[in-house]
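*Asks:* mind looking at a prediction? Sequence and model below.
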Amino acid sequence: KLDVARVKSRLKGAPPEIFERIGHLSSSLDAGIALKRRIIEDLQPSSLTNLGLTAALEVLCREFSKRLDVKVDSAFDEVVLADDVRLTAYRVVQEGLTNVAKYARATQVSVRLVDDASMAALSIQDNGAGFDTARVPQIARGLAGMRFRVVSHGGSFDVISQPGKGTTIEVHLPQVTAASPLQDVA
């Protein structure tokens, strides 16, 4: 982008179509930079890195509530999770809220993170449409992805739901203990 600006400044008296092409090139570079930033943010949310898990979850819940005009009641204990487990906790809440937005037609959501001794207990509960857990379609990759992430860290993942009675996602993730290696702790 700096090179484009330098070239543009040296093209005094060039035909207008040259400046038009340089403007297009500059716009394309801006779009590429914005895309790169979005991809990086999706890989590792800056709020999680800069603020920590509880603050990042508060931001996520507040933005969800504002965007969808759904009441979100949240409470988060400070828990000690390895970096990859902390990202999993964040992604579970993110995907859980996405599912509420897409399918639940809920008016209230509760998100909790509780320090439960050696485990961190995470729950997302809504008062929405609910569904029959025995009939989850094969294309429901969000729940399967959440389950895979949680179980891969030695955690547990449960979905409790009935048609017309809302949905609760319950997750338990291992906390870092004194016996755990500390190199993954942030």
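*Replies:* Right, received. Where do you want to start?

*Asks:* just confirm Thr168 is within a helix.
*Replies:* No: Thr168 is assigned strand when assessed by DSSP: H, G, I helix; E, B strand; the rest coil, not a helix.

*Asks:* contact partners for it?
*Replies:* Thr168 makes contact with 123-126, 159-161, according to C-beta atoms under 8 Å, 6 or more residues apart in numbering. Using the backbone N, CA and C atoms, a C-beta is placed for each residue, glycine as well.

*Asks:* cutoff 6 Å now
*Replies:* Residues near Thr168 by C-beta atoms under 6 Å, 6 or more residues apart in numbering: 125, 160.

*Asks:* bridged to it, which residues?
*Replies:* Gln125, Ile160 (DSSP bridges).

*Asks:* with the one 5 residues further on instead?
*Replies:* For Leu173, the beta-bridge assignment (DSSP bridges) gives partners Ala120.

*Asks:* I'd say it and Ser156 touch.
*Replies:* No: look at Leu173 against Ser156 with C-beta atoms under 6 Å: they stay out of range, at 8.6 Å.

*Asks:* so which of the two has more stuff around it?
*Replies:* Per other C-beta atoms under 10 Å, whichever of Leu173 and Ser156 has more neighbours is Leu173, with 25 against 13.

*Asks:* state the distance from Arg6 to Ile22.
*Replies:* Applying C-beta to C-beta, to the nearest Å, one obtains 11 Å for the distance of Arg6 from Ile22.

*Asks:* which of the two has more neighbours?
*Replies:* Neighbour count, other C-beta under 10 Å: between Arg6 and Ile22, Ile22 has more, with 16 against 9.

*Asks:* what about the helices in this structure?
*Replies:* Along the chain, counting by DSSP state H, helices occupy 2-9, 16-43, 46-51, 53-68, 83-99, 141-152.

*Asks:* out of these, deepest packed?
*Replies:* Of those, the one with the most neighbours on average (mean count of other C-beta atoms under 10 Å) is helix 83-99, at a mean of 20.

*Asks:* for that one, what is the average pLDDT?
*Replies:* Taken as a whole, helix 83-99 carries a mean pLDDT of 94.

*Asks:* didn't Val171 look like it was pressed against Leu122?
*Replies:* Yes: contact criterion C-beta under 6 Å: Val171 and Leu122 qualify, at 4.3 Å.

*Asks:* check what pLDDT Ala186 gets.
*Replies:* For Ala186, the model assigns a pLDDT of 45.

*Asks:* again with Ala140
*Replies:* 65.
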